[in-house]
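Peer 1: missing the sequence, but the structure's below:
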DNA sequence: GATGAATGAGCATTCATTCAT
DNA sequence: TATGAATGAATGCTCATTCAT
């Protein structure tokens, strides 16, 4: 049971369900790639056209402006792709019964670390756009809060009820999981030197979070 | 004795020690402001000229290209301004003797949180540029590693020697301090809703880090 | 028995006698409307298609170019529609016997004034195109000379033979009728303020032309 | 005492009093020429640049848009050039004493006919734009009413007081003078065949207007 | 050094026209 | 015949950069 975890594949799938033509989908996928690689402002219509193998006219024949292409990509991401991926994630059904908190933590941290690394391109766009476009940063905030926190909440609550972890709000706990994960992944993404392997990163994150979160009796 | 640590003021001071003319310094300061406010790509020579109160020709009379202006700003920042600020920070001489680790933690976390908030603009440029410009992200990485870690290292080492905190590398500890701090500051910077005040943020960060770092005997 | 002399209706009727398909006729009628409303240059193929309820391809499936559509419309107008309208006008059979010259004048001036007002749109195209397209202005000149003058000539000749009006060429007389009529209608068409009603305009025009044309014994 | 009557020369003079550079003035003069010759929409930035002997950038360096260039030209015309010419015209001091009405009429009709013919280009733009741009047609209307009627009014009033011409409003009288003049000039401007010389035209117009306007006792 | 008019390559975008279905 | 996605040349406009003064 191979679960597709690449946002690009997921995005391509999502587009297949749209009424967009093959070439239009190519435009979106190529734009996504270029926006991520060289930034929105440095991506020219002619580059998109070349990358997508279409004419320049086609680039604007559906989404009327470059801004429109970006919005289409990001809104699809925020409204469909990411929630879909979250849904898949939820189905993995981590439970508080089967495992200790550390094991649970290890599984979701590794899960998310791999996910972020596999989707560097998209994460890059979303984060870098957040610095410029307030609407994006707000929407991204919402997605994180509502789509990432909710599936983990039941399990966290179970751990909390059993007195195994601190009674912090789930939002706070997720914030720390995310913050520590990003503190390892972002440098890997942005810098040339990958100092750390993913396994080592997971170990360190889980160790830290365990100390921070696990209630000592 | 409140020391305002504005990177912009610090930058202006640093420029005064250069051999640049007043107008050239104005160009750099105005460019910094505009790059931060509307982004590098959206900043035009004419905007810089207007903001600096000089002619368009002057904008390019010393630093031949726009890219050159950015490089000049960032290199001065990374090579002089930030190290200077770090030096100031070091002089505050937090010691392991005087205080418990939590108190020490609280003081530096609050210190950095305030610093980041006061220099939102510059932090924004550095971070957002890091997503596009590899040179910047590498240099930023270096600055953080070498200039932030070094001044704290002696104190951390003292706490470690006393067995008060875990024997993790200083780099790792600083990574966590930074990651958690940013996890509170960035949302405040980017989103419309400021969910949390700085005091509450400091409390939560210190609480978490204390649990994570403090060695329980 | 009020006969509405809409050039548009007349054009639609004329097209029905052509071998063009319904959709092609729709294209021509919609083009006419748009050319008149927003000008030839500002009328896009997509606008015509939308207005006509056909696809963009259909717009060019018969008349290969946009220029071709305009030519088709204008030539039909100049060769068929306007002569037809003139013929209708002739049938009204104004005669020199039944009435004084002033009454005759009043009837045709009112007739033409109403006609121009009812067909503002088409008149606008023809006139404004004349400023750019030499072929149009020549053709329009011919139509006016040959098709407007001819039906009135017999009556004018009768008045002249009876010594009731000056012995000027019919071309000259028609020129004055047209010039004065347009001097009232065009400002009404182009300016916001309609200074004058049609009745008052007719009175003034007839008064002036009577003084100018009627032979005093 | 040669009175400069060409609107183009007058316009060039007016521009010299502006703070525009030589190249900017060239842009305006070339635009004027092209707008008149091939129409606003068919005039491209590259054509203007070539005609003016400047780069394409220069075309937009002062008046930011093509529309802006047109507005600049037309407003200068309507607000400065035409009123200036009118002022010159007024100085010619036609009087009711020295001459019969026909002689007076002949002098101003010839005057205006020559003027219109010499400035075909500008008249063409103003008239053809009036069909599209409501603001222009209104402004043109105002100019005619206030700037053409006023200088002639005193003389017309003198003639009226002496009972030599009909007691029509000056506006009405000027309307007829203009309408008949245009009825001869426009066909000459727009059509290839110049049927009539200017002298013959003047004769016919004056003859008609005399009959229409001169009071018979 | 400073100026700012001028440059021209480059960009996003439009739109008449084509053509496979 | 009709369609409408695709084309690509052309357009208005921008802007980093130059250079004569």
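Peer 2: Everything's here; your move. What you are looking at is a predicted structure, and each value in this text was computed from that prediction instead of being measured.
Peer 1: rest of the way, CA atoms for contacts and neighbours
Peer 2: Noted.
Peer 1: okay, now the domains of chain A?
Peer 2: With domains defined by automatic domain parsing, chain A comprises A:1-91, A:94-217.
Peer 1: the last one near chain B anywhere?
Peer 2: Yes. With C-alpha under 8 Å from any C-alpha of the partner chain as the criterion, chain B is reached by domain A:94-217 at A:124, A:128, A:130-132, A:134, A:137-138, A:141, A:175-176, A:179-180, A:182-183, A:187, A:190-192, A:208-213.
Peer 1: which among the domains of chain A is found nearest to DNA strand E?
Peer 2: Among those, domain A:1-91 comes nearest to DNA strand E, with 3.3 Å by C-alpha to the nearest atom of the strand.
Peer 1: what mean pLDDT does that closest one get?
Peer 2: Mean pLDDT, computed over domain A:1-91, is 83.
Peer 1: what subset of the residues of domain A:94-217 next to chain B is buried?
Peer 2: Buried subset of the residues of domain A:94-217 next to chain B (neighbour count, 16 or more other C-alpha atoms under 10 Å in any protein chain shown): A:124, A:128, A:130-132, A:137-138, A:141, A:175-176, A:179-180, A:182-183, A:187, A:190-191, A:208-213.
Peer 1: returning to that earlier point: and the domains of chain A: which comes nearest chain C?
Peer 2: Nearest to chain C, of all the domains of chain A, is domain A:1-91, at 12.1 Å by C-alpha to the nearest C-alpha.
Peer 1: touching chain C at all, that closest one?
Peer 2: No. Contact between domain A:1-91 and chain C is absent, the nearest approach being 12.1 Å (criterion: C-alpha under 8 Å from any C-alpha).
Peer 1: just how off-centre is that domain within its chain?
Peer 2: Offset of domain A:1-91 from its chain centre (C-alpha atoms, centre = their mean, to the nearest Å): 15 Å.
Peer 1: now stretch A:176-188
Peer 2: Per C-alpha atoms, centre = their mean, the centroid offset for stretch A:176-188 relative to its chain is 12 Å.
Peer 1: now do residue A:178 against residue B:109, distance only.
Peer 2: Applying C-alpha to C-alpha, to the nearest Å, the value for residue A:178 to residue B:109 is 19 Å.
Peer 1: please read the previous query as pertaining to residue A:25.
Peer 2: 47 Å.
Peer 1: okay, those two: which has more neighbours?
Peer 2: Using other C-alpha atoms under 10 Å in any protein chain shown, the more surrounded residue of residue A:25 and residue B:109 is residue B:109, with 21 against 18.
Peer 1: tell me which element the residue nearest to the more buried one when sequence neighbours are not counted falls in.
Peer 2: Distance criterion C-alpha to C-alpha, 6 or more residues apart in numbering or on different chains; nearest residue to residue B:109, sequence neighbours excluded, is residue B:202 at 6.6 Å. Using DSSP states H and E, residue B:202 maps to helix B:198-213.
Peer 1: repeat that for residue A:132.
Peer 2: Assigning secondary structure by DSSP H and E places residue A:132 outside every helix and strand.
Peer 1: residue contacts, it?
Peer 2: Counting by C-alpha atoms under 8 Å, 6 or more residues apart in numbering or on different chains, residue A:132 touches B:38-39.
Peer 1: kindly state the pLDDT recorded for it?
Peer 2: For residue A:132, the pLDDT comes out at 76.
Peer 1: and the one 10 residues further on, by the same measure?
Peer 2: As summarised for this prediction, residue A:142 has a pLDDT of 81.
Peer 1: now for it, how many residues are close by?
Peer 2: 13.
Peer 1: that one and residue A:14: what is the separation?
Peer 2: When distance is defined by C-alpha to C-alpha, residue A:142 is 21 Å away from residue A:14.
Peer 1: cool, residue A:64 as well?
Peer 2: Residue A:64 sits 21 Å away from residue A:14, taking C-alpha to C-alpha as the criterion.
Peer 1: report the longest helix in chain A, please.
Peer 2: helix A:170-190 (DSSP state H).
Peer 1: what about that helix, distance to the chain center?
Peer 2: Helix A:170-190 has its C-alpha centroid displaced from the chain centroid by 11 Å (C-alpha atoms, centre = their mean).
Peer 1: let me know the average pLDDT across it.
Peer 2: Helix A:170-190 shows a mean pLDDT of 90.
Peer 1: what are the contacting residues of it?
Peer 2: Residues contacting helix A:170-190 (C-alpha under 8 Å, 6+ apart): A:109, A:112-113, A:116-117, A:120, A:145, A:149, A:153, A:156, A:194-196, A:201, A:205, A:209, B:130-131, B:134, B:137-138, B:141, B:175-176, B:179-180, B:182-183.
Peer 1: quick one: the helices in chain A?
Peer 2: A:7-16, A:22-38, A:45-52, A:56-61, A:66-76, A:82-91, A:101-118, A:120-130, A:134-143, A:149-161, A:170-190, A:198-213.
Peer 1: return the set of buried residues in stretch A:157-174.
Peer 2: Neighbour-count burial for stretch A:157-174 flags A:157, A:159-160, A:164-167, A:170-171, A:173-174 (criterion: 16+ other C-alpha under 10 Å).
Peer 1: what two of those residues are the furthest from one another?
Peer 2: Spatial extent of the buried residues of stretch A:157-174 (C-alpha to C-alpha) is set by the pair A:164 and A:171 at 17.4 Å.
Peer 1: is it true that residue A:32 touches residue A:71?
Peer 2: No. Using C-alpha atoms under 8 Å, residue A:32 is not in contact with residue A:71; the gap is 10.8 Å.
Peer 1: who has more neighbours out of those two?
Peer 2: Using other C-alpha under 10 Å, the more surrounded residue of residue A:32 and residue A:71 is residue A:32, with 22 against 14.
Peer 1: quick one on the thing from earlier: show the average pLDDT along the helix holding residue B:202.
Peer 2: 94.
Peer 1: same for it, what does it pack against?
Peer 2: Applying 3 or more C-alpha pairs under 8 Å, 6 or more residues apart in numbering or on different chains; DSSP states H and E, one finds that helix B:198-213 makes contact with helix A:198-213, helix B:101-118, helix B:170-190.
Peer 1: now do the first one: distance to the chain's middle.
Peer 2: Right, the one you point to is helix A:198-213. 20 Å.
Peer 1: before we move on, back to that, what comes into contact with the helix holding residue B:202?
Peer 2: Outside helix B:198-213, the residues that touch it by C-alpha under 8 Å, 6+ apart are A:208-213, B:101-102, B:105-106, B:109-110, B:113-114, B:165-166, B:176-177, B:180-181, B:184.
Peer 1: how many residues are close by residue A:199?
Peer 2: By other C-alpha under 10 Å, the residues close to residue A:199 number 11.
Peer 1: quick one, phi/psi of residue A:169?
Peer 2: Main-chain torsions, residue A:169, degrees, to the nearest 10: phi -60, psi 150.
Peer 1: contact partners for residue A:110?
Peer 2: A:198-199, A:202.
Peer 1: closest one of these to residue C:47?
Peer 2: residue A:198 (56.6 Å).
Peer 1: next, work out how far apart residue A:14 and residue A:188 are.
Peer 2: Counting by C-alpha to C-alpha, the gap from residue A:14 to residue A:188 is 28 Å.
Peer 1: revised request: answer the last question for residue A:109.
Peer 2: To residue A:188, residue A:109 is 16 Å away according to C-alpha to C-alpha.
Peer 1: please work out how many residues are found near residue A:91.
Peer 2: Neighbours of residue A:91 under the rule other C-alpha under 10 Å: 10.
Peer 1: can you tell me which residue of chain A sits closest to chain B?
Peer 2: As assessed by C-alpha to the nearest C-alpha, chain B sits closest to residue A:212 within chain A, at 4.2 Å.
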